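1. what follows is a predicted structure for the sequence shown.
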Amino acid sequence: MRCLTTTHTVTKKRAPHRIHAILALLAVVGAMPCAMANATGKPDPSLVEMQKKLDQSLQLIEALTERVRELEARQAVPAAATAPGAPATSNAATPAAEATTGTSRLDADERKLEQLEKENANRSTDDTGLPLHGFADVGIGTHNPINPDLKGAYVGNLDFYLAPHLGDHTRALFEMNTEVGSEGSVDVDLERAQIGYQFNDQATVWVGRYHTPYGYINTSLHHGSWVNNTLRRPKFLQFEDNGGIVPAHTVGMWLTGAVHAGGGKFLYDVYAGNSQEIVDGALDMRNAGTSNGHIGGGARLAYQFKTGRVDGLMLGVHAFTSTITDDAVPSNATRVLAYGGFAVFDTDQWENIAEIYLFDDRDIRGGTSTHRSTAGFLQLGYRATWGVPYARYERTVLEQSDPYFAALEGGASYHRIALGARFDIDLKSAIKLELANTRLTDRSLDRYGEGLVQYAIRF
Amino acid sequence: MNPRAPASVRSQAAWLCAALLCTTAAGAAAERLDQLPQAWRDDLNQRLVLGDLVGHRVILSMAYTQCHRTCPATLHELQRMQQVLDRRGEQASFVIVGYDADNDDPQSWHRYRLTHGLARDNWHFLTGTPATVRRLARALGFDFWNYDLHVMHDSRVVFFDSEGRYSGGVSPATGNWAALL
């Protein structure tokens, strides 16, 4: 039995490759006679001979397949006998010594089986090409959810997402988003273009354009509105061209990973990249590189609890710094230092998120010294059977003498309270409603209310 | 007229047929439990061979522990199936295969089943390699894709009879799973 097992392991390892090779060959060869017969209208005698060979080959394949199945069954029986938690089988228990020897052999066989399955899976993926996925949303509101000067129906994002499977270690992620500007023009942005090497679960290095790892929502909720339970992000954490005041994207290098500890896990991020610039009142992440050579960077550290009553709780801190210039003449330069923390309680019932950002910005060229500002939000969501009702409070107090916030179109202070709900129509579409009241508190003292409806899908 | 043209046409037609055949083969569903990837780990980190479950009917679905929308609903439907079988006095193995092999290890599943009160020993929460997960998902029609921390997927349950033969698949929230029990 042991000798047979060893011999058969070799056979088993090679046979499926052989079968696949024969199948592929037969698929090509088998298709040719059909095409030839159709083209000429009568069968070629040589095809009859080929058909015979085909039949013989098919019989051989069936025999090989049966043999592989038989070997797998033989291997599975002792495997179950040595695994206490495995399902019961009809096989009797084996003596301890034999079981030990058998177990080590089975471990080796299992590794081979896993390797074989891995190869098959990789081949299957390659055969079927790269699936295209994405998100889209449209809506109606008393104001546009991004630009309150507009009202009525609006087209949101059409977001295409590609994550090709490239192998065991290389990862790639591309996200191309079409969005409608305030003038109605359609712009296409390569929101993310990152290629990375995954050493293991503990470490992956990405290079390219990625979502800057700060807080929680900037890396967990992206351009696809469907993913987000709320209708929109907090105003100050919107993407750059939607008025965000914190760089949502960075072009550079990012090391990220997770380490299990104490029943939960630590998540860490360290990154560095091109310093952003402010162009036409919006942050620009300098996709092609910087002309001034400034580099920004930061880090995030979080702990995710996975046991007991705090299961689903994540606590974290984050910080980033960057020298950001603007397009004024003469241009301003600000050493932006932002730091803060976040807390998330994400369970089957609750989605509660809080983030806070403290700014300690230094005016490098204007000599107006250091400016301190704060921004934050608190969001409570409950996953009910009928939907996800939520409430959110946002508040920013941004120093307007800080050249950084002064240059940003979205750099005004405000506070907003929003109540909303998400209703899932099916597994791929959802309708969200939101009522919000926003009050601007420095550049202008405007106050406006909003009633918003959004229809979001994934595909 | 180019005398080589028919051969060229034949060649193109042959490659087209070959491509179609290959595509069809790649998308075909598994007909038997023992045709699926066999090597898995359960939530006690013990090896489990799917083929060993033949003998009882098998009800299989996929999930991941960080899912707070679709997966809990799917598991709730599986519990309802269990109740129906209990009332009939029938046995079945419930198998939940993890979508997210990178994050959901056996320990994560063990905590999950304790937290969600899914302690019955005929329920198996399985972890595989990313490759085996993809292969099983493709064979059984579980379409999924990873979007950062999320796994985009639908709710689906497939059934195998007591001899390990595939007997059907259904979306448990909308489909008539009672007909497949």
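-> Sure thing, it's come through. Since this is a predicted model, take the numbers as computed values, not measurements.

2. which residues touch A:L445?
-> The neighbours of A:L445, taking CB atoms under 8 Å, 6 or more residues apart in numbering or on different chains as the test, are A:R439. The C-beta positions use only the backbone N, C-alpha and C, and glycine is treated the same way.

3. phi, psi for it please.
-> Dihedral pair for A:L445: phi -110, psi 30, per degrees, to the nearest 10.

4. and it, how far from chain B?
-> 39 Å (CB to the nearest CB, to the nearest Å).

5. confidence score at that residue?
-> Turning to A:L445, the model gives it a pLDDT of 93.

6. gap between it and A:Y414?
-> Separation of A:L445 from A:Y414 (CB to CB, to the nearest Å) stands at 10 Å.

7. got it, and A:R447?
-> The gap separating A:R447 from A:Y414 is 10 Å, by CB to CB.

8. hey, what's in contact with both of these two?
-> With CB under 8 Å, 6+ apart, A:R447 and A:Y414 have common neighbours A:438-440.

9. ok so, going back, who's more crowded, A:R447 and A:Y414?
-> The neighbour comparison of A:R447 against A:Y414 (other CB atoms under 10 Å in any protein chain shown) goes to A:Y414, with 22 against 11.

10. which residue ranges of the stretch 251-400 of chain A form strands?
-> A:264-274, A:277-279, A:282-284, A:295-304, A:313-326, A:333-346, A:350-363, A:370-382, A:388-397 (DSSP state E, counting those that start in this stretch).

11. mind giving me the packing neighbours of the first one?
-> Judged by 3 or more CB pairs under 8 Å, 6 or more residues apart in numbering or on different chains; DSSP states H and E, strand A:264-274 is in contact with strand A:249-261, strand A:295-304.

12. so which of those is nearest chain B?
-> strand A:249-261 (8.0 Å; CB to the nearest CB).

13. identify the residues contacting B:E31.
-> By CB under 8 Å, 6+ apart, the contact list for B:E31 reads B:165-166.

14. distance check, it against chain A.
-> From B:E31 to chain A the distance is 12 Å (CB to the nearest CB).

15. could you report the pLDDT at that residue?
-> Reported pLDDT for B:E31: 80.

16. tell me the spacing between it and B:A92.
-> 19 Å.

17. got the helices and strands packed on strand A:264-274 as JSON lines, with mean neighbour count and distance to chain B columns?
-> Listed next are the helices and strands packed on strand A:264-274 as JSON lines, based on neighbours: other CB atoms under 10 Å in any protein chain shown; distance: least, CB to the nearest CB, whole Å:
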{"stretch": "strand A:249-261", "mean neighbour count": "18", "distance to chain B": "8"}
{"stretch": "strand A:295-304", "mean neighbour count": "19", "distance to chain B": "10"}
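
18. ok, for A:S331, nearest residue in space, not its chain neighbours?
-> A:T325 (5.0 Å; CB to CB, 6 or more residues apart in numbering or on different chains).

19. surely the one you found and A:D363 touch.
-> No - using CB atoms under 8 Å, A:T325 is not in contact with A:D363; the gap is 11.7 Å.

20. neighbour-wise, which of these two wins?
-> A direct count of neighbours by other CB under 10 Å for A:T325 and A:D363 places A:T325 higher, at 23 against 18.
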